[in-house]
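Q: mind looking at a prediction? Sequence and model below.
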Amino acid sequence: MMQHIDVSTVLQGAVCALYSNLVTRPTGAAVRSAIEALLETRHPPIVTTIDFSGVNLLDFSCADEIVAKLLLRQTESPTVPDRFVTFRGMRDDHLDALEAVLERRALALVWEVEGRPELLGPVSDDEARHWDVVRARGPVWADMVAAELGLTLDSSVRTLDSLWRRRLVMRTDAGFTVPRATAPSPGRPS
């Protein structure tokens, strides 16, 4: 199941109808609370795309309140193991705040860059290599990733499990895959 959340629409509903800047911690907290309420309306397994396309300005405090705290709640909540959040619409001027927050909190995320999923944030070289194989070949099983990378099965199982706990890969009936960002379709509610 897929869900699309337009951050600018959430911002306008939570703060002000004419507002498109994500600045101040209280603004970020209000937007995050509204997004969390939307996330609770759907049941796993689900991939939710958080879309920043309509956001003009994103400061450090809002990046921390919205992105970091959403990711922390997703990775720390054992009750929703099949919920994944991806991001899209983040511009270069958003990335300064996002990268600083992700680095500070040791978090990483999957985001869409020109229609292709990419990683943003700190990951180990081993995690990055495993993730690249899953993105290129997925869905795949740990033994297939281990063979491609010339590693032991145990090593690949540990790394893929780490990526899954960080919500950077999904486990499906067909194997590990990268959660895919989605674009909104016409008439689809945000």
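A: Great, that's in hand. Residues are numbered from 1 along each chain as shown.
Q: what's the single longest helix in the protein?
A: helix 25-40 (DSSP state H).
Q: so what strands line up beside the helix or strand following that helix?
A: Sequence-wise, the next helix or strand downstream of helix 25-40 (DSSP states H and E) is strand 46-51. Here strand 46-51 is paired, per DSSP bridges, with strand 2-6 (parallel), strand 83-88 (parallel).
Q: just checking, which helix or strand of the protein averages the lowest pLDDT?
A: In the chain, the helix or strand scored least confidently by mean pLDDT, DSSP states H and E is strand 21-22, which has a mean of 74.
Q: direction included, what does that strand pair up with?
A: According to DSSP bridges, strand 21-22 forms sheet pairs with strand 57-58 (parallel).
Q: who's in contact with the partner strand?
A: The contact list for strand 57-58 (C-beta atoms under 8 Å, 6 or more residues apart in numbering) reads 20-23, 52, 90, 93-94, 97-98. (Each C-beta comes from the backbone N, C-alpha and C, glycine too.)
Q: how about stretch 170-181?
A: So stretch 170-181 is contacted by 45, 47, 49, 82, 84-88, 110-112, 117, 131, 134-135, 138-142, 144-145, 160, 163-164, 167-169 (C-beta under 8 Å, 6+ apart).
Q: how far away is the residue nearest the centre of the chain from residue 67?
A: Nearest to the mean C-alpha position of the chain, by C-alpha atoms, centre = their mean, lies residue 86 at 3.1 Å. Separation of residue 86 from residue 67 (C-beta to C-beta, to the nearest Å): 12 Å.
Q: check residue 125 too.
A: Plainly put, residue 125 is 24 Å away from residue 67 if you go by C-beta to C-beta.
Q: between these two, who's got more neighbours?
A: Using other C-beta atoms under 10 Å as the criterion, residue 125 and residue 67 rank with residue 67 on top: 29 against 7.
Q: pLDDT below threshold where in this protein?
A: Residue ranges of the chain with pLDDT under 70: 1, 14-20, 43-45, 77-81, 181-190.
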